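Colleague: got a sequence here, can you model it:
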Amino acid sequence: MSFWQSTLGNITGNSEDAFAKSFKQIPDGTMALARIESFTNASYQDNKYLSIDWLLTAGEFKGQKVNQKIKVFGDSRDKDPERTRFRALNMLKLVYKLFGFTPNNNMPPHDSDLEFFMGKEAGIKIRETEPNAEGKQYNWVSEVHSTKGFQCESGIKLVVKREAYNELAFDMRDQDLGLTADIPF
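Modeller: Residues are numbered from 1 along each chain as shown. All right, here's what the predicted structure looks like:
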């Protein structure tokens, strides 16, 4: 292949092919059709998991990617690592069943096993995390469904205003609402 060829198509020099699209946070509860772009073993801070990168193929957010972590090895940072592992193993088996994949052994999947899933399509439900300490939110995949009869639907942006709530609670404590008169202590 020459320098001016691409496996994605002809090199046109047109703006729609050259400019990066702006990507927005995907609203909580969005249902979209998606294709598996990668499915691999991954790790972060000594916690191993399976990672699926989904490319949205239909709906309002077509072209955006969202990641799904399947924590089949548990996660020591979670409140209940065994519960996390139980749900993750069930998610992995659901994905296997959805695409008709039967493992040939009783071992954790290798990346070569997961190559089977490349390009497979499903309907997914996308959720948003609550804002972290820096106020950032992230998307994650909470459900995976068959494409048969699946309907794309945009969710609603998750908005959490902790500061306003805490200020309201503080203001209410400072006010005499006359509620203490009936309290016997």
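Colleague: can you pull the contacts of residue 32?
Modeller: Remark: with contacts taken as C-beta atoms under 8 Å, 6 or more residues apart in numbering, residue 32 is in contact with 26, 56-62, 123-124, 126, 152. Placement of C-beta: from N, CA and C, glycine included.
Colleague: tell me which element the residue most central in space within the chain is part of?
Modeller: Closest residue to the average C-alpha location of the chain: residue 140 at 1.4 Å, with C-alpha atoms, centre = their mean. If you go by DSSP states H and E, residue 140 is part of strand 139-145.
Colleague: and that strand, what does it pack onto?
Modeller: Applying 3 or more C-beta pairs under 8 Å, 6 or more residues apart in numbering; DSSP states H and E, one finds that strand 139-145 contacts strand 65-70, helix 81-98, strand 121-128.
Colleague: most tightly packed of the ones you listed?
Modeller: strand 121-128 (a mean of 20; mean count of other C-beta atoms under 10 Å).
Colleague: starting from it, tell me which strands it pairs with and how they run.
Modeller: strand 30-44 (antiparallel), strand 139-145 (antiparallel) (DSSP bridges).
Colleague: how big is the angle separating the longest one from helix 81-98?
Modeller: The directions of strand 30-44 and helix 81-98 differ by 120 degrees, with axes from the mean of the first three to the mean of the last three C-alpha atoms, to 10 degrees as the criterion.
Colleague: what number of residues lie near residue 115?
Modeller: 12 (other C-beta atoms under 10 Å).
Colleague: try the one 4 residues further on
Modeller: Residue 119 has 10 neighbouring residues, counting by other C-beta under 10 Å.
Colleague: pull the residues that contact the host helix or strand of residue 55.
Modeller: For residue 55, the host element (DSSP H and E) is strand 47-56. By C-beta under 8 Å, 6+ apart, the residues outside strand 47-56 that reach it are 32-43, 62-77, 88, 92, 95, 109, 114, 117, 124, 141.
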